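Undergrad: quick one, fold the following:
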Amino acid sequence: AYYKSQASGTLFMPNIWPPAPRELRPLLEEYFRVMTEFGVDLHHLFSIALGLPENYFDDSIDKPFSMFRILHYPSITDTPEPGQIRAGEHSDYDNLTICAIEEGLQARNRNGDWVDVPVIEEALVVNIGDFLMRWTNDRWVSTRHRVVNPALGSGNNRSRLSLIYFYECNYDAVIDCAPTCRSAETPQKYPPIGAGDYMTEKYTRQARLEEWSQEHAEAYGTVDTESRFKQ
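TA: Numbers count the residues shown, from 1 in each chain. Next up is the predicted model:
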């Protein structure tokens, strides 16, 4: 009932699997299961790092609406338009994101500079998401990141694949500042909000942005969606 209630909205829609290759579904389901277990371990480590009980997040992440995406970037055959990159700057709407990546991922550091994320064999990249940023009162900030283009004639200009697991929390979890992350010197910055409500708000804003961008593209030919998104 939890997964099919009206409150869950469209967060638990059935997956649509292609008929071939037959090995795809069991492989991806196993990957999803392992990343979920790993995500729980990471939450336990985060709790300890924040001076909280190890199981602090457990009641908020035992029925998550997590998502797994396989992102394919084909090799580039034409010179990109000015400002056109493989994935624009953004942060993730989740607790944390576990990524298996290839070349091209960049993250913005606290100084505002873009730095290349190194590709290390058999290693994963973990990004802090918006939920955890609110939970920690900006003690940990969500990772602004993007995927840049390879040089047209370089050896890195090849088909790129990323495995991206988004660890969400329960849709009825309340994202509220952890007690160790607020004080008289660092008062709480964000009001409590339900995770499902937060996602609905984000998706609504994204849909409105896409609608606005389409209207202005049709009217003016181009539109700067990145600066609009930041607004």
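
Undergrad: skip the chain neighbours and tell me the closest residue to the most centrally placed residue in the chain.
TA: Most central in the chain under CA atoms, centre = their mean is Asp92, positioned 2.9 Å from the mean C-alpha point. Nearest in space to Asp92, with sequence neighbours left out and distances taken as CB to CB, 6 or more residues apart in numbering, is Gly129 at 4.3 Å. Where you see a C-beta, it was placed from the backbone N, CA and C, and this is true even at glycine.

Undergrad: which residues are in contact with that neighbour?
TA: The contact partners of Gly129, by CB atoms under 8 Å, 6 or more residues apart in numbering, come to Ser91, Asp92, Tyr93, Asp94, Asn95, Leu96, Thr97, Ser142, Thr143, Phe166, Tyr167.

Undergrad: out of these, who's nearest Arg160?
TA: Using CB to CB, the shortest approach to Arg160 within these belongs to Thr97, at 17.0 Å.

Undergrad: quick check: mean pLDDT of the helix or strand hosting Thr204?
TA: Using DSSP states H and E, Thr204 sits within helix 195-220. Mean pLDDT, helix 195-220: 71.

Undergrad: likewise for stretch 12-28?
TA: For stretch 12-28, mean pLDDT is 93.

Undergrad: again with stretch 168-188
TA: Averaging pLDDT along stretch 168-188 gives 95.

Undergrad: start to end distance for it?
TA: Terminal residues of stretch 168-188 lie 22 Å apart, using CA to CA, to the nearest Å.

Undergrad: distance between it and the chain's centre?
TA: Averaged C-alpha coordinates place stretch 168-188 at 19 Å from its chain's average position (CA atoms, centre = their mean, to the nearest Å).

Undergrad: got the buried residues for that stretch?
TA: Neighbour counts over stretch 168-188 (16 or more other CB atoms under 10 Å) mark Glu168, Cys169, Asn170, Tyr171, Ala173, Ile175, Asp176, Cys177, Ala178, Cys181, Arg182 as buried.

Undergrad: which residues does the residue nearest to the centre of the chain contact?
TA: Contact analysis of Asp92 by CB under 8 Å, 6+ apart lists Asn127, Gly129, Asp130, Ser142, Thr143, Phe166.

Undergrad: sweet, I'm off.
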